[in-house]
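Asks: below are the sequence and a predicted model; questions follow.
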Amino acid sequence: MQKNNSGDGCHSALKIENIGTGVENELLMNDKKEESEKQFFSSTSSDMKKPVDKYYIVYLIFLVHGVAVLMPWNMFINANDYFTKFKLKSPDVAESYNFSENSTTSANLITTPRTDTAVDTYRTFFLNFLGVVSQVPNVFINLMNVLSQRKSSKSGNNHLRIVLSLIMITLLFIITIILAMVDSTTWQSEFFWITMVTVVVMNLASGLYQNCVYGLAALLPMRYSNSVLIGTSISGIITALLNLLTQYLSPNPRTAAIFYFLAAIFVLLIAFDTYFLVQLLPFFNYYHDLSSKGTEMVEKSEKSEKVEEKPKPKFVLIPIIMRIAFIPFFMFCNARPDGIRSSNMPLLFNNDYVYIIGSILLSYTSGYFASLSMMYAPRNVEVQHKGLAGMMAAFFLILGIFSGVLCSFPLLYIVKNV
């Protein structure tokens, strides 16, 4: 009887121990389940709390910065007549312009006839000089800014670079306005080189500003990189309209130039204010913080947008390369640079409508594929590298434009002489 009692006691003890182990395992499983549920609901709640770009304010702000980044380049190329026909005018047309409304001061414009071949060269090739001193610094500073970035897209220095760049560009436009106010008739060569130095420094600041803006836009969903590109396209239209408006309102070239460049300062001040505004908006801070932490939430939010672009990233290079066909197309149109065309160059498209259609297709495909490339670049890298990818895309965009400018010289030579 005693043996049976002891055996039953051991059996009961083992049974109780097994029950305790089972309860403990069940409690652990419940804890894990509860923890996973907490993680699920926390991630779900964070998705639900994702801020919205109300009234598209952030989108419009980046569009404004797209307008501002190309303001220096567009303002100067649209003011070609101001520089070549007014500030660098030849002596024989000096008396056709008045520096003020007072007609008595116009006599001061009549100078002794002189021949200044240097000024003639500056006037004739002004846009060529302007293109070189604008694009070379732009490409250089874009490359330097990309190389100076750390591996992580979290770079507080970019904020300081944007602020300092905007201040520098604004100050240089003020200098440009001062140069418009003074009479530079007796020192045209000096005026030309002061202007060129101003353009160099201005495009260094503008290139840095542009590169950093694309880097910030890359931290946001794809359409915000596209908004910067849309702004750059609008910038050319705005500056052309400003040029026409100021000339219409004031027949005096000096007054028109002053108001023209003042309008550029106004746009830059708007960009300066909105840059500080965007940092206060929850939508911008949400994506900026997520990108700096390297989280996958950005990728999830981009997928939730359900934006379908064609062609896909791995095929976008094909139509871009096919656009090379535009080069012989325009060469075989009735192209006559400086009124000269080689007799050996075939003329296959003499109809103006064919040329117009080709120009429209060139512009449309350029904007479309540039937008796709700028949007795809940050999308196809890890989250922490999105900012750097946006900057690299901006650099290669500028490099492509600069390469196109360089290639235009041999192509023009072929059309004229070969």
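Replies: Sure thing, it's come through.
Asks: the stretch 201-350 of the chain: helices as residue ranges?
Replies: 222-249, 253-278, 282-293, 297-304, 317-322, 326-331 (DSSP state H, counting those that start in this stretch).
Asks: average pLDDT for the longest one?
Replies: The one in question is helix 222-249. Averaged over helix 222-249, pLDDT sits at 91.
Asks: the second one now?
Replies: Averaging the model's pLDDT scores along helix 253-278 yields 94.
Asks: want to throw the helices of the stretch 201-350 of the chain into TSV with mean neighbour count and distance to Ile167?
Replies: Backbone N, C-alpha and C define where each C-beta goes, glycine included. Formatted as TSV, the helices of the stretch 201-350 of the chain follow (neighbours: other C-beta atoms under 10 Å; distance: least, C-beta to C-beta, whole Å):
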stretch	mean neighbour count	distance to Ile167
helix 222-249	19	19
helix 253-278	18	8
helix 282-293	18	22
helix 297-304	15	31
helix 317-322	12	36
helix 326-331	15	40
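Asks: I'd like those as CSV, with distance to Leu372 appended.
Replies: Listed next are the helices of the stretch 201-350 of the chain as CSV, based on distance: least, C-beta to C-beta, whole Å:
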stretch, distance to Leu372
helix 222-249, 9
helix 253-278, 24
helix 282-293, 21
helix 297-304, 15
helix 317-322, 9
helix 326-331, 18
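Asks: between these, which one is closest to Leu412.
Replies: Among the helices of the stretch 201-350 of the chain, the nearest to Leu412 by C-beta to C-beta is helix 326-331 (9.7 Å).
Asks: can I get the CA coordinates of the closest one in CSV?
Replies: Below are the C-alpha coordinates for helix 326-331, written out as CSV (Å, rounded to 0.1, in the frame of the first residue of the first chain):
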residue,chain,number,x,y,z
PHE,A,326,16.3,64.1,-83.7
ILE,A,327,19.9,65.2,-84.5
PRO,A,328,20.0,64.1,-88.2
PHE,A,329,16.3,65.0,-88.5
PHE,A,330,16.9,68.7,-87.7
MET,A,331,20.1,68.7,-89.8
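Asks: helices or strands up against that helix?
Replies: helix 352-379, helix 386-417 (3 or more C-beta pairs under 8 Å, 6 or more residues apart in numbering; DSSP states H and E).
Asks: looking at these, which is buried most?
Replies: Most buried of the helices and strands packed on helix 326-331, by mean neighbour count (mean count of other C-beta atoms under 10 Å): helix 386-417, with a mean of 18.
Asks: which secondary structure elements does that one contact?
Replies: helix 126-147, helix 188-217, helix 326-331, helix 352-379.
Asks: how about those helices in CSV, adding mean pLDDT and distance to Ile162?
Replies: Output for those, formatted as CSV (pLDDT from 0 to 100; distance: least, C-beta to C-beta, whole Å):
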stretch, mean pLDDT, distance to Ile162
helix 126-147, 89, 11
helix 188-217, 94, 5
helix 326-331, 89, 35
helix 352-379, 87, 18
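Asks: for Ile414, find the nearest of those helices.
Replies: Evaluated with C-beta to C-beta, those place helix 326-331 nearest to Ile414, the distance being 7.2 Å.
Asks: ok, now which ones touch the residue nearest to Met374 when sequence neighbours are not counted?
Replies: Distances taken as C-beta to C-beta, 6 or more residues apart in numbering put Ser225 closest to Met374, at 4.7 Å, once the chain neighbours are dropped. Neighbour list for Ser225: 214, 217-218, 374-375, 377-378, 390, 393 [criterion: C-beta atoms under 8 Å, 6 or more residues apart in numbering].
Asks: and with 10 Å instead?
Replies: 62, 66, 213-219, 371, 373-379, 386, 389-390, 393-394 (C-beta atoms under 10 Å, 6 or more residues apart in numbering).
Asks: that one and Ser165, how far apart?
Replies: From Ser225 over to Ser165 the distance is 19 Å, taken as C-beta to C-beta, to the nearest Å.
Asks: any low-confidence regions in the stretch 1-150 of the chain?
Replies: When residues are selected by pLDDT under 70, those of the stretch 1-150 of the chain lie in 1-48, 91-116, 150.
Asks: mind redoing it with 80?
Replies: Filtered on pLDDT under 80, the stretch 1-150 of the chain yields the residue ranges 1-50, 90-116, 149-150.
Asks: mind listing the strands for it?
Replies: For the stretch 1-150 of the chain, strands defined by DSSP state E, counting those that start in this stretch do not occur.
Asks: go ahead and confirm Ala240 touches Asn80.
Replies: No - Ala240 is not in contact with Asn80 according to C-beta atoms under 10 Å; the separation is 11.5 Å.
Asks: and stretch 207-225, end to end?
Replies: This stretch, stretch 207-225, spans 16 Å end to end (C-alpha to C-alpha, to the nearest Å).
Asks: check contacts around the spatially most central residue of the chain.
Replies: Closest to where the C-alpha atoms of the chain average out (C-alpha atoms, centre = their mean) is Gln210, at 4.8 Å. With contact taken as C-beta under 10 Å, 6+ apart, Gln210 is in contact with 65-66, 68-70, 72-73, 138, 141-142, 145, 162, 165, 203, 228, 232, 391, 394-395, 397-398.
Asks: and Ile357, by the same measure?
Replies: Per C-beta under 10 Å, 6+ apart, neighbours of Ile357: 349, 351.
Asks: next one: Pro137
Replies: Pro137 sits in contact with 199-208, where contact means C-beta under 10 Å, 6+ apart.
Asks: reformat those residues as a markdown table; add neighbour count and distance to Ala335.
Replies: Below are these laid out as a markdown table (neighbours: other C-beta atoms under 10 Å; distance: C-beta to C-beta, whole Å):
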| residue | neighbour count | distance to Ala335 |
| --- | --- | --- |
| Val199 | 22 | 28 |
| Val200 | 17 | 31 |
| Val201 | 17 | 35 |
| Met202 | 28 | 32 |
| Asn203 | 26 | 29 |
| Leu204 | 20 | 34 |
| Ala205 | 23 | 36 |
| Ser206 | 26 | 31 |
| Gly207 | 28 | 31 |
| Leu208 | 24 | 36 |
